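Trainee: Predicted model and sequence below, questions to follow.
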Amino acid sequence: ITFTPVIPAYANRTDRLAASQVLPDVVRARLIFRSSPLSEFPVDVIGRVNTGVKLIHPTNPRKASTVLFQRSGDEFKITYGIFDSNLNVQRARYEFFDSRGRAVGEAFEVDLAETIRGRNLVRGQSFTVMQRFAGALNNPAIASVRVTVFDEESSDTAAGQLGASTSALAALESVSKLGGTAIILPDLWLRSRE
């Protein structure tokens, strides 16, 4: 038996998702082989999916993982997608860099576990996270961000350059208006980096 699952796309609901919208860490099925109308052989099949957290493209998991990073007035907005088959995501770390790749300020760590539990997400469901940072005007040197997400088994990292593509942002906005699994975290504040 070949088991080649695909990470499910961002779902618009958190209740009664279709089977194609989730990929939990354990998938069970029963196959029945018939050699004749009177002879059946049931076989129980168990598929296991890696439980490590994966950063994914926030609107299309078939594309490479990416972080959308944009500035609007005095605010930075960071958007990324997460898939974790057993849904035990714990935290995210945000690191900011200038145009030469040098770190700007200290890294920020944000607890995701409590927020995810509060949303009652379905095991194996992918979701999008939006994080805002106020203080962009006082930090003109910031040109990119690196996001690392941790769960109990692993971590995954992706980066984004300031000024995400217009088409990706338009797709994200249209998905976000449908409601569902966009997790919007509380704003954080950047201190002036001189």
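Mentor: Noted; the coordinates are in hand. Residues are numbered from 1 along each chain as shown.
Trainee: any idea whether the residue positioned nearest the centre of the chain is helix, strand or coil?
Mentor: The residue lying closest to the centre of the chain (CA atoms, centre = their mean) is Ile82, at 1.6 Å. At Ile82 the chain is in strand, as set by DSSP: H, G, I helix; E, B strand; the rest coil.
Trainee: In this structure it contacts Val53, no?
Mentor: Yes. The criterion here is CB atoms under 8 Å, and Ile82 meets it with Val53 at 6.5 Å. No exception for glycine: its C-beta is placed from N, CA and C like everyone else's.
Trainee: So which bits of stretch 112-127 are buried?
Mentor: Using 16 or more other CB atoms under 10 Å as the test for burial, stretch 112-127 gives Leu112, Thr115, Ile116, Leu121, Val122, Gly124, Gln125, Ser126, Phe127.
Trainee: which secondary element of the chain has the worst mean pLDDT?
Mentor: helix 166-177 (a mean of 54; mean pLDDT, DSSP states H and E).
Trainee: who's in contact with the residue lying closest to Ala103 once chain neighbours are set aside?
Mentor: Excluding the flanking residues, the one nearest Ala103 by CB to CB, 6 or more residues apart in numbering is Phe97, at 6.0 Å. For Phe97, the contact set (CB atoms under 8 Å, 6 or more residues apart in numbering) comprises Ala103, Val104, Ile142, Ala143, Ser144, Val145, Arg146.
Trainee: got it, and Val26?
Mentor: Contacts of Val26 (CB under 8 Å, 6+ apart): Ile46, Gly47, Arg48, Val49.
Trainee: Compute the number of surrounding residues for Pro140.
Mentor: Pro140 has 10 neighbours, counted by other CB atoms under 10 Å.
Trainee: I'd like to know how far it sits from Val104.
Mentor: Taking CB to CB, to the nearest Å as the measure, Pro140 falls 10 Å from Val104.
Trainee: Quick one: the strands in the protein, in order.
Mentor: For the chain, the strands defined by DSSP state E occupy 26-36, 39-48, 54-56, 68-72, 75-83, 89-97, 108-111, 127-134, 144-151, 155-161, 182-184, 188-189.
Trainee: and these, which one's lowest on average pLDDT?
Mentor: Mean pLDDT across those is lowest at strand 182-184; the value there is a mean of 78.
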